[in-house]
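A.B. asks: this one's sequence-less:
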């Protein structure tokens, strides 16, 4: 069974959004991975000291086939340093994995499928 790790920005760290609703959508997307025969996990990070250790632990949990980086990390100009860190950690700790990018939390399956 192919595997995918989805890396996203923790909605609870975003001021002014309904974090619980966003998280419910992300959890629904994880369910969709299973419906498509893809073993998937998600790790949510925030910009700060814990981002690297959290992401490295997830990247080394198993040999992922693809790592999907979420738009919340990629599209926010202030998070450019975090986005660069994420891409470089993927290259270093999961070199076998393809890197994919979603546009919303609801199209992560399709992003992963482009590389599986």
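C.D. replies: Perfect, I can see it now. Quick caveat: nothing in here was measured; it's all calculated off a predicted structure. Residues are numbered from 1 along each chain as shown.

A.B. asks: For the helix or strand of the chain with the lowest mean pLDDT, enumerate the helices and strands it packs against.
C.D. replies: One helix or strand of the chain scores below all others by mean pLDDT, DSSP states H and E: helix 71-74, with a mean of 88. Using 3 or more Cβ pairs under 8 Å, 6 or more residues apart in numbering; DSSP states H and E, the elements in contact with helix 71-74 are strand 3-9, helix 80-93. Quick note: C-beta positions are derived from backbone N, CA and C, even for glycine.

A.B. asks: most tightly surrounded among these?
C.D. replies: strand 3-9 (a mean of 24; mean count of other Cβ atoms under 10 Å).

A.B. asks: Which helix or strand lies directly C-terminal to the longest helix seen in the chain?
C.D. replies: Ranked by residue count under DSSP state H, the longest helix found in the chain is helix 19-35. Per DSSP states H and E, the first helix or strand lying C-terminal to helix 19-35 is strand 39-45.

A.B. asks: what's the angle between that following strand and helix 80-93?
C.D. replies: Computed by axes from the mean of the first three to the mean of the last three Cα atoms, to 10 degrees, the angle separating strand 39-45 from helix 80-93 equals 140 degrees.

A.B. asks: chain center to strand 39-45, what's the gap?
C.D. replies: Distance, stretch centre to chain centre, for strand 39-45: 6 Å (Cα atoms, centre = their mean, to the nearest Å).
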